[in-house]
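**Q** with the sequence up front, the predicted model follows.
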Amino acid sequence: GELGWRTVFLWGAGVVALAASVIVIGGRNAPPGVAWRTGDPSASGFAAIVRDHRFWRIAFLNLATVGTTFAVQGLWGGPYLTDLYAFGDLQVGNALVGLGIGVVAGNLACGWLADRLGRSSVVVVSATVFVATQVLLAMALPAAPVSAIYLVFGLSSAYFVVLAAEVRAIFPLNLTGRALTGINFFGMAGAMVVQWLMGIMIGAGSGVAGYRVAFTTTAALAAVALVVYLPGTRLRESKILAHDEA
């Protein structure tokens, strides 16, 4: 029978709590026989990460990317199609499946492309396309191939996996976990904040106007984040390659 969403979330919370308990009880800070590193916390903790301007450039872009992707895929993508294009349930489902397929395909392709073109190049090109798809969604043209736009939106958004790889390459091994945790935090924070703000904008508008404001805002957010990311990309790429070769 049906359980209801509250029951599902309660069971999910229990599973997470159980997994966390197993990690706390059975996890080690270092492999058996290896001494746990000690030293200056400012050199090996979050302080060293947040002082690095590269972290903030990547974190801001991850917030804009993951936040917008989750907001569209998980919440506002369906109502957009229903309200503006009169899509039926099956059409909405197919378009969202296409968006999800795009994300998966992009995840698989990004690593291969980054190895050949460079991480920063993949991020810049993909983020530019990502912004362009949001501009098209904001325009809400009557004859727009919106299902295809959703597919490209998902495909181009997948560069967030390259951002994680870039963080992994920038920071030393003893900071990798903390740095990735920081980046993921901003991504999840973006998912929370962006979908909420989009809801306010959509609700405040009238029909297409609300969606136009919402997608114009997310496009601007991603564009600003990309501009913030751009300085020093060649230098950052050269440092990452040197780190990888070492």
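**A** Now that the structure is in, tell me what you want to look at. Residues are numbered from 1 along each chain as shown.
**Q** what about the helices in the protein?
**A** 5-26, 41-44, 46-50, 53-71, 77-85, 89-117, 119-139, 146-157, 160-170, 173-204, 208-229, 233-245 (DSSP state H).
**Q** who's in contact with Val152?
**A** By C-beta atoms under 8 Å, 6 or more residues apart in numbering, Val152 lies in contact with Gly102, Val129, Thr133. (Each C-beta comes from the backbone N, C-alpha and C, glycine too.)
**Q** with Leu175 as the reference, measure out to His95.
**A** Careful, residue 95 is Ala and not His. Ala95 is 41 Å from Leu175, where distance means C-beta to C-beta, to the nearest Å.
**Q** excluding its backbone neighbours, what's nearest the residue nearest the centre of the chain?
**A** When C-alpha atoms, centre = their mean is applied to the chain, the residue found nearest the centroid is Val66 (2.3 Å). Nearest residue to Val66, sequence neighbours excluded (C-beta to C-beta, 6 or more residues apart in numbering): Gly187, at 3.5 Å.
**Q** ok, Gly78 next?
**A** Excluding its sequence neighbours, the residue lying closest to Gly78 (C-beta to C-beta, 6+ apart) is Val92, at 4.9 Å.
**Q** how many neighbours does that neighbour have?
**A** Using other C-beta atoms under 10 Å, Val92 has 18 neighbouring residues.
**Q** with Phe160 instead?
**A** The local packing of Phe160 (other C-beta under 10 Å) involves 27 other residues.
**Q** what does the one 10 residues further on give?
**A** Burial measure for Ile170: 19 neighbouring residues, criterion other C-beta under 10 Å.
**Q** now swap in Val193 and tell me
**A** Using other C-beta under 10 Å, Val193 is surrounded by 13 other residues.
**Q** give me the pLDDT for it.
**A** Listed pLDDT for Val193 reads 95.
**Q** now the residue sitting furthest away from the middle of the chain: how far from Gly177?
**A** The C-alpha centroid of the chain is most remote from Gly33, which lies 37.7 Å away (C-alpha atoms, centre = their mean). The gap separating Gly33 from Gly177 is 21 Å, by C-beta to C-beta.
**Q** repeat that for Ala64.
**A** In terms of C-beta to C-beta, Ala64 sits 24 Å off from Gly177.
**Q** so for the two, which residue has more residues nearby?
**A** Ala64 (29 against 11).
**Q** and that one, what does it touch?
**A** Applying C-beta under 8 Å, 6+ apart to Ala64 gives the contacts Gly190, Val194, Thr218, Leu221, Ala222, Val224, Ala225.
**Q** report the buried members of those.
**A** Gly190, Val194, Thr218, Leu221, Ala222, Ala225 (16 or more other C-beta atoms under 10 Å).
**Q** of the residues you listed, which pair is most distant in space?
**A** Within those, Val194 and Ala225 form the most distant pair, 11.6 Å apart (C-beta to C-beta).
**Q** and Ala209, what does it touch?
**A** Residues near Ala209 by C-beta under 8 Å, 6+ apart: none.
**Q** could you report the distance from it to Phe60?
**A** 28 Å.
**Q** got it, and Ser121?
**A** Distance from Ser121 to Phe60, by C-beta to C-beta: 19 Å.
**Q** ok, these two, which is more surrounded?
**A** Phe60 (19 against 16).
**Q** contacting residues around the more buried one?
**A** Phe186, Ala225, Val228, Tyr229.
**Q** what's the answer for Gly67, then?
**A** Counting by C-beta under 8 Å, 6+ apart, Gly67 has contacts Gly187, Ala189, Gly190, Ala191, Met192, Val193, Val194, Gln195, Thr218, Leu221.
**Q** got a pLDDT number for it?
**A** Gly67 carries a pLDDT value of 95.
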